[in-house]
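Visitor: Could you work out the structure for the sequence below:
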Amino acid sequence: MTTRWLTPKEQRAWRAFMAATNLLEDAIDRQLQQDAGMPHLYYGILANLSEEPERKLRMTDLAAKAKITRSRLTYAVTRLEKDGLIRREDCQWDKRSSFAILTDEGMAALERTAPGHVETVRAAVFDRLSDDQVGQLEEISSVIARALEGDASTPRPTADEVPWRRRSSPCSGS
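Guide: Presented below is the predicted three-dimensional model:
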């Protein structure tokens, strides 16, 4: 098999992309640590739960939405639970499953933190882009995400390749 090396143009684009994503993640993480004492991962977990009916989601589904392993999610939820921001509830239909539920305190923390988070994202990304570039960013990011998640043109990664994927149990959350 022959290695398809990156062209100089692709190499420059790749390095610019990696620099931007690493610096952006660092800036967001710093802001969230300063404003809320939590990393970006924890904020994302709270945000995902806030968008769900009853602010509640099965742990396996939350891992999939957050794109993290179940063990990493369990660690994060344990910490957020100790802080009173999330509580866990067993699934009545499947004893192997449990739900993460955003508490009122967690929602309040998210609401306090969201303005600073949005301002950081806006200042780091959107204030620097034209309307056309925002559309291009969405299009490029969507193409990459669809390919990595497995779309019609690429096979869907297996659970071994993407650890947050797992067959759902019968517990639906309603």
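Visitor: what distance separates whichever strand or helix holds residue 134 from the middle of the whole chain?
Guide: Element membership of residue 134, judged by DSSP states H and E, is helix 131-149. Centroid displacement of helix 131-149 relative to its chain, using CA atoms, centre = their mean, to the nearest Å, is 16 Å.
Visitor: State the mean pLDDT of it.
Guide: Averaging pLDDT along helix 131-149 gives 94.
Visitor: In CSV, list the C-alpha atoms belonging to that helix.
Guide: Taking C-alpha atoms only, helix 131-149 is exported to CSV below (Å, rounded to 0.1, in the frame of the first residue of the first chain):
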residue,chain,number,x,y,z
ASP,A,131,-20.8,35.8,6.8
ASP,A,132,-19.5,33.8,3.8
GLN,A,133,-16.7,32.3,6.0
VAL,A,134,-19.2,31.3,8.7
GLY,A,135,-21.1,29.4,6.0
GLN,A,136,-17.9,27.8,4.8
LEU,A,137,-16.9,26.9,8.3
GLU,A,138,-20.3,25.2,8.8
GLU,A,139,-20.1,23.4,5.5
ILE,A,140,-16.5,22.1,6.0
SER,A,141,-17.1,21.1,9.6
SER,A,142,-20.2,19.2,8.6
VAL,A,143,-18.5,17.3,5.8
ILE,A,144,-15.7,16.3,8.2
ALA,A,145,-18.1,15.3,10.9
ARG,A,146,-20.3,13.3,8.6
ALA,A,147,-17.3,11.4,7.2
LEU,A,148,-16.0,10.6,10.7
GLU,A,149,-19.4,9.5,11.9
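Visitor: which sections of the chain are below the confidence cut-off?
Guide: 151-174 (pLDDT under 70).
Visitor: please redo it, this time with the cut-off set to 90
Guide: Across the chain, the ranges flagged by pLDDT under 90 are 70, 91-97, 145, 148-174.
Visitor: Where do the strands of it begin and end?
Guide: 56-58, 86-90, 98-102 (DSSP state E).
Visitor: And the helices in the chain, which stretches?
Guide: All helices of the chain, identified by DSSP state H, fall at 8-36, 40-50, 59-66, 70-82, 104-124, 131-149.
Visitor: can I get the ones you listed in JSON lines with mean neighbour count and distance to residue 90?
Guide: Placement of C-beta: from N, CA and C, glycine included. Formatted as JSON lines, these follow (neighbours: other CB atoms under 10 Å; distance: least, CB to CB, whole Å):
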{"stretch": "helix 8-36", "mean neighbour count": "13", "distance to residue 90": "28"}
{"stretch": "helix 40-50", "mean neighbour count": "21", "distance to residue 90": "17"}
{"stretch": "helix 59-66", "mean neighbour count": "20", "distance to residue 90": "11"}
{"stretch": "helix 70-82", "mean neighbour count": "16", "distance to residue 90": "14"}
{"stretch": "helix 104-124", "mean neighbour count": "15", "distance to residue 90": "19"}
{"stretch": "helix 131-149", "mean neighbour count": "11", "distance to residue 90": "30"}
